[in-house]
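>>> Here is a sequence with its predicted model. Questions after.
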Amino acid sequence: MPTSPLRAVCLHGHFYQPPREDPWLGAIEPQASAAPDRDWNVRVTRECYAPVAAARVLDDQGRLQDVVDLYEWTSFNMGPTLLAWMQGAAPDLLASLRRADAVSLARTGRGSAWAQAYGHPILPLCNARDAATQVRWGRREFEHRFGRPPDGMWLPEMAVDQKSLAALAEAGITLTMLAPHQARRVRPIGGEAAAWRQVTPETLDTRRLYRCLLPEGRSIDIAFRDAGLSHDLSFGDALRDGARLASRLAAGVTGYDDALLTVAVDGETFGHHHRFGEMALAFAIRLLREDGDFLLCGPAAFRDRVPPTHEVEIAPETSWSCPHGIERWRHDCGCRTGGEPGWTQAWRSPLRQAIDWLRDELAVVYETRAHETLRDAWGARDRYVDCLLDPSRVPAFLATEAGRRLSPGETVQARRCLEMARHALLMQTSCGWFFDDLAGLEPVQIMRHAARAIELAGTLGRRLEDGFVSRIEPARSNRPEEGSGADVWRRRVRGEAATPSRVAATCALLAVLRQDTRLPGYEVTFSSEPAGGALAAEARVTDRATGAVATVAVNAGRAGDAEPWCDVGEQRFTLAHLFGVQRERLLAAVSLEASQGARDGRAEALARVRPLLDPLLAADVPLPPELALLLGWDEADTLATALEASSVSVASLVPRVVLLRARGVVFPTEWLAGRLVRVLEDRVGSLPGGVADALALLDLAAAAGAELPIHTAQVRVLQWRADASPAWRDDVTIVALCERLRLAPV
């Protein structure tokens, strides 16, 4: 019997953030430019990564009708360094990615997740050995996160050449994705030389998969994205209307036999670059998945049904985001993201030359010193990714790689070599060249990885800093105050490094203040305890990444309530020298102390006037503004404490709030909303039992004038309702809650 043609739609999101961790601390420092969030990973997770896992579909009255996990229905890759951050910072989101991949595997026979070359380098600009390691680390990291080998791997910036494809094929990767302009010519598989046909972006048939033959009998299959629709999603208005988007996607395969429409964009398009973009995509996917004519799947699932019949020859050294090939990552080719008029990217060339020179010098240091302790130095580097995924593996790893028992000094040497090699890979991250100024976050970050690698090379007997600085010096920031590459290096890179003296001193300052002295990446112990506001001790500083130990003499003190200080040799340290994570923690402690003091003072002041205040509140007399605010904070504190302790009926609190608001009491609505919504989310998580409290909480918020961010509560109720019995779905209180939460009727 004839079979109907397969019309498949693949929407691929490349979700990625550059490595943002401080190279010494292994933790992300607060980033002011990400405000109102603490750092860019947190911000983009809030705006994009989390909403994509629960994208909202509204009806024509703006009520929540459905929630779509887009990761289940699209193809996606998540950057390895981003996934590593999620493990500690957003474990629930990481778990949802795994679930989405498993759901896709069950539905289509292939998971929705792809791997990515580890540190997001421009692979054609890497040497062959580094390219191979980046791919192997990316594959191993994927296996660790998703519990299966990857079918496909994302090439950073779609930058490609034969060496890059060979690295993928050698690692067992069978699929990748490119843009149409990266194909040079095509022919049927096994065709004669005369069968080759030159193609252009306009003439390449992107609705089929192609096989690219490689040396040594290897090959890799390639899906080519639809350039026009991908561009409109990223930069046009395709995400303004979900129904229109569904029509465009359907039209891309309608009328074709066995066709695959591949659309590939930065995942951050959905919600971060285009607010509510994930909602438009969810609406489109909901329409397509209900239409039996289309299969939403990844290229691997399509290939299982429709294997490639043609081969392709690629155009070397091309990318998806630079029309000049890969010049954006080594020259001032004119590509930019914005910046000011007159800005230049001439700094890219010196930065590339300095990084490439350092890469080659570090390779010599690594090969020489690692071979003294490890049997197969470069093979050990490939396998070192297992220690990044699970640091507890380090002792067993070293024992296996050395093939003998290492002395403590040899152990430190081996770990220094491997960490130096890791930072040598991360300093090649493509983002260092992508943006518009040398002093931006991303170029500074890769220079900091370079600085850490240079520091470790120094402990192994090779001084490289002068050579690097001489090569970076000709680079110039577009901001005159930032100066040359050497200026940026001295001030923004080396000046912020975690030296043993700075680590010991900052921890001593915190010890004098009786605050938490922990610091990511280091273990610091003192030979004595602070006494009388002073600390004179030996500090033992252990670098957790390498096991290296340094001993530093500290002399810290504080006169009364003045700012503390700490002397290490001739150098004096103050609170200005604290690392960002330490400032963040200290500021939180100071804020808590100040807030408690303000709370106690407010309670004491109100207690003195309470005998007069309560009778006056019953009268129809406007409150003075100062008193209205004071009472609002006091009452809000009382409400939050009672609710979080579940010590009173929620409904019983509403009348007093109504009365106080009528008398002019001004509640801190934003602060109160944050407390109320947490309780609301807890109550709707225990439906049907929590329905009365949930309704009362909505009444309480309205009485106080607080607008609650109810998205999470909406989703929880919607999901509960989908599984509830008809009797509960039709219960009058449940119906009322759904109406209050703006859920569409069943």
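Yep, it's here. Numbering: from 1, shown residues only.
>>> helix/strand/coil for Glu361?
The three-state label given to Glu361 by DSSP: H, G, I helix; E, B strand; the rest coil is helix.
>>> which residue packs closest to it, ignoring adjacent ones?
Spatially, and ignoring its direct neighbours in sequence, Glu361 is nearest to Leu464 (5.5 Å; Cβ to Cβ, 6 or more residues apart in numbering). (Glycine included, C-beta is placed from N, CA and C.)
>>> ditto for Met420
Per Cβ to Cβ, 6+ apart, closest to Met420 is Leu456, 3.9 Å.
>>> who are the neighbours in contact with that neighbour?
416-417, 419-420, 423, 546 (Cβ atoms under 8 Å, 6 or more residues apart in numbering).
>>> which one of the residues you listed is nearest Ala251?
For the contacts of Leu456, the minimum distance to Ala251 (Cβ to Cβ) is 48.1 Å, reached by His423.
>>> Can you tell me the element the closest one falls in?
Using DSSP states H and E, His423 sits within helix 408-426.
>>> average pLDDT for that helix?
Helix 408-426 shows a mean pLDDT of 98.
>>> Export only the CA atoms of it, formatted as CSV.
The C-alpha coordinates for helix 408-426 follow below in CSV (Å, rounded to 0.1, in the frame of the first residue of the first chain):
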residue,chain,number,x,y,z
PRO,A,408,51.8,15.0,47.3
GLY,A,409,54.0,17.3,45.2
GLU,A,410,53.4,15.2,42.0
THR,A,411,49.7,15.2,42.7
VAL,A,412,49.6,19.0,42.8
GLN,A,413,51.7,19.2,39.7
ALA,A,414,49.4,16.9,37.7
ARG,A,415,46.3,18.8,38.9
ARG,A,416,47.9,22.1,37.9
CYS,A,417,48.7,20.8,34.5
LEU,A,418,45.1,19.6,33.9
GLU,A,419,43.6,22.8,35.2
MET,A,420,46.0,24.9,33.1
ALA,A,421,44.8,22.8,30.1
ARG,A,422,41.1,23.4,31.0
HIS,A,423,41.5,27.2,31.1
ALA,A,424,43.5,27.0,27.9
LEU,A,425,40.4,25.6,26.3
LEU,A,426,38.0,28.1,27.9
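>>> Quick one: the helices in the stretch 301-450 of the chain, in order.
348-370, 377-383, 385-389, 394-402, 408-426, 431-434, 441-459 (DSSP state H, counting those that start in this stretch).
>>> now swap in the stretch 51-200 of the chain and tell me
70-73, 80-89, 91-108, 128-146, 162-170.
>>> Please tabulate these in CSV and include distance to Glu401 and mean neighbour count as additional columns.
Conversion of these to CSV gives the following (distance: least, Cβ to Cβ, whole Å; neighbours: other Cβ atoms under 10 Å):
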stretch, distance to Glu401, mean neighbour count
helix 70-73, 36, 24
helix 80-89, 22, 19
helix 91-108, 29, 17
helix 128-146, 15, 22
helix 162-170, 21, 22
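>>> Quick one: closest of these to Glu482.
The minimum distance between Glu482 and the helices of the stretch 51-200 of the chain falls on helix 80-89, with 26.0 Å, by Cβ to Cβ.
>>> quick revisit: most neighbours out of the contacts of Leu456, which is it?
The most neighbours of any of these, using other Cβ atoms under 10 Å, belong to Cys417, which has 30 neighbours.
>>> tell me which of the contacts of Leu456 is nearest to Leu261?
For the contacts of Leu456, the nearest to Leu261 is His423 (40.7 Å; Cβ to Cβ).
>>> Name all residues that make contact with the closest one.
23, 449-450, 452-453, 456.
>>> Can you tell me the closest non-neighbouring residue to it?
Ala453 (4.0 Å).
>>> Distance check, that neighbour against Leu513.
34 Å (Cβ to Cβ, to the nearest Å).
>>> Could you check which of the two has the larger neighbour count?
Comparing Ala453 with Leu513 by other Cβ under 10 Å, the one with more neighbours is Ala453, at 28 against 19.
>>> pLDDT value on that one, please?
pLDDT for Ala453: 98.
>>> What of Arg20?
Reported pLDDT for Arg20: 95.
>>> Work out for me the element it sits within.
Per DSSP H and E: Arg20 is located in neither a helix nor a strand.
>>> which ones are touching Val524?
503-504, 507, 517, 539-542.
>>> Let's see which of those end up in helices.
503-504, 507 (DSSP state H).
>>> can you pick the most crowded of these?
Each of the ones in helices among the contacts of Val524 was scored for neighbours by other Cβ under 10 Å, and Cys507 scores highest at 30 neighbours.
>>> do you know how far that residue is from Arg369?
According to Cβ to Cβ, Cys507 stands 30 Å off from Arg369.
>>> tally of neighbours for the closest residue to Pro121 other than its chain neighbours?
Leaving aside its chain neighbours, Pro121 sits nearest to Gln428 (4.2 Å; criterion: Cβ to Cβ, 6+ apart). By the measure other Cβ under 10 Å, the count of residues near Gln428 is 29.
>>> chain center to stretch 290-299: distance?
29 Å (Cα atoms, centre = their mean, to the nearest Å).
>>> Tell me the buried residues in that stretch?
Within stretch 290-299, the residues that qualify as buried are 294-299, counting by 16 or more other Cβ atoms under 10 Å.
>>> quick one: contacts for the residue nearest to His423?
Ala453 neighbours (Cβ under 8 Å, 6+ apart): 358, 362, 420, 423-424, 427.
>>> one more time with 10 Å, if that's ok
Counting by Cβ atoms under 10 Å, 6 or more residues apart in numbering, Ala453 makes contact with 23, 358-359, 361-362, 365-366, 419-427, 464, 468.
>>> Likewise for Ser4?
When contacts are counted by Cβ under 10 Å, 6+ apart, Ser4 touches 257-258, 292-293.
>>> tell me the secondary structure for it?
Three-state call for Ser4 (three-state DSSP): coil.
>>> Quickly note the distance from it to Arg585.
61 Å.
>>> swap in Arg742?
39 Å.
>>> More neighbours: which of these two?
Arg585 (18 against 14).
>>> Is that one in contact with Cys507, as I believe?
No. Using Cβ atoms under 10 Å, Arg585 is not in contact with Cys507; the gap is 11.8 Å.
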